[in-house]
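J.: coords please:
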Amino acid sequence: MNISYIFVQYKAVIFLSLFIYVLFWLIITILKEAPIEIVHEYDTFTSNLDFILIYLSKCHINLLLIDPLVLDYLFVQQLSYKQLRKRLITFGIFNDSLRLLEPIFSVNNFSVKLSNSDHVFIEYDQQIVHLAVLHLQNSYFLIRKNLLPLPSDVLLSYGDTLRVIEPQEAKFRRRKYRFSSPQNASHFLWLYNISEFIECDHALTKEMETNYHLYQNTSQLDLTIRPMRMISNALNQLEKHHWLAGGTLLGWYRHCGLIPYTQDVDFGLFAEEYDE
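T.: Have a look, this model is predicted:
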């Protein structure tokens with residue numbers, strides 16, 4: 001039996017086997033290449049972010065990750081950094097770090113915008129790193145409102161309004177990334193939801209001092225505010241919502257402090273959050 005005879009007799013089987021082999025080879029090739037394209041897309045995104053972060057680290061700037069969505073993504077859901085996809089990511093920097101940023105304004109690859117020394121936006125290839133400046137105010141850090149116009153698809157988590165970060169309630173530490181993050185991301189996110197800062201009426205305070213000679217009593221403030229802060233910190237640790245109430249709220253609004261002739265303190269809490 002020669003080869004020609006075998007080919008004629010089993011031609012259909014041979015062609016079917018060849019077709020199956022080619023089809024199998026094509027499927028394997030597609031399966032191997034498809035994930036590579038996806039990973040490459042993700043890697044391009046994170047590499048743009050890393051490119052900015054590496055340059056900032058060369059400027060010796062301590063970056064504090066405060067972006068709520070990214071904190072939830074990395075440290076609550078514990079998802080992959082390489083698959084992180086967010087156009088604008090917010091970091092906090094201390095006020096004295098602004099001078100270290102000067103070299104970045106001369107980098108041709110970056111588009112850098114500054115909002116009144118309160119917010120810095122660094123853009124590279126559609127990726128934006130937002131630096132929110134932490135201004136120390138007595139016992140807390142204040143993040144002011146951003147005044148720069150932004151694209152309609154970009155929403156700020158910090159800079160949308162006045163916000164406060166309590167340093168003793170949000171301790172940061174360096175992990176495996178090029179930035180520091182809160183030790184307890186879940187608790188930091190809870191604090192973020194109550195971080196909006198409501199300013200007092202400075203004009204009214206000035207009027208009360210000028211017309212009625214009602215001034216803040218420094219010794220009274222020292223004696224009263226310390227226990228107030230201890231109570232507030234304890235309630236924050238327990239994640240209980242609370243607020244100034246009664247005369248204490250009036251003192252803040254009208255005197256930017258306490259009512260000068262009282263020493264009591266009023267807090268409000270939700271009844272459903274109260275327990276022993």
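
J.: just for the stretch 51-200 of the chain, where's the confidence low?
T.: Low-confidence segments of the stretch 51-200 of the chain (pLDDT under 70): 169-170.

J.: hmm, try it at 90
T.: The stretch 51-200 of the chain contains residues with pLDDT under 90 at 105-108, 117, 138-139, 151-153, 166-176.

J.: from what I can see F91 touches L63, true?
T.: Yes - judged on Cβ atoms under 8 Å, F91 makes contact with L63 at a distance of 4.4 Å. All C-beta atoms are positioned from the backbone trio N, CA, C, and that covers glycine.

J.: which neighbours do these two share?
T.: Shared contacts of F91 and L63 (Cβ atoms under 8 Å, 6 or more residues apart in numbering): L131, F179.

J.: got a pLDDT number for I30?
T.: Note for I30: predicted pLDDT of 65.

J.: start and end of stretch 61-75, how far apart?
T.: 22 Å (Cα to Cα, to the nearest Å).

J.: now that stretch: how far from the chain's centre is it?
T.: Distance of stretch 61-75 from the chain centroid (Cα atoms, centre = their mean, to the nearest Å) equals 5 Å.

J.: what's it in contact with?
T.: With Cβ under 8 Å, 6+ apart, stretch 61-75 has contacts from 53, 56-57, 79, 81, 84, 86, 89-94, 97, 100-101, 131-132, 134, 157-158, 165, 172, 177-182, 185-186, 188-189, 192.

J.: can you give me the helices for the chain?
T.: 3-9, 11-58, 68-71, 185-192, 202-212, 218-237, 246-255 (DSSP state H).

J.: which other helices and strands does the last one contact?
T.: Contacts of helix 246-255 with other secondary structure elements, assessed using 3 or more Cβ pairs under 8 Å, 6 or more residues apart in numbering; DSSP states H and E, are made with helix 202-212.

J.: and this structure, what are its domains?
T.: 41-192, 202-273 (automatic domain parsing).

J.: which one of the ones you listed is the most hemmed in?
T.: A comparison of these by mean neighbour count, using mean count of other Cβ atoms under 10 Å, puts domain 41-192 on top with a mean of 16.

J.: endpoints of stretch 102-120, how far apart?
T.: End-to-end for stretch 102-120, by Cα to Cα: 11 Å.

J.: can you check stretch 127-145 too?
T.: In stretch 127-145, first residue to last residue: 22 Å (Cα to Cα).

J.: now do stretch 114-132
T.: Distance across stretch 114-132, first residue to last, is 10 Å (Cα to Cα).

J.: in space, what's closest to I122 - neighbours in sequence excluded?
T.: Of all residues not flanking I122 in the chain, V129 sits nearest, at 4.6 Å (Cβ to Cβ, 6 or more residues apart in numbering).

J.: isn't the one you found right up against D50?
T.: No - in this structure V129 lies outside contact range of D50 using Cβ under 8 Å: 10.5 Å.
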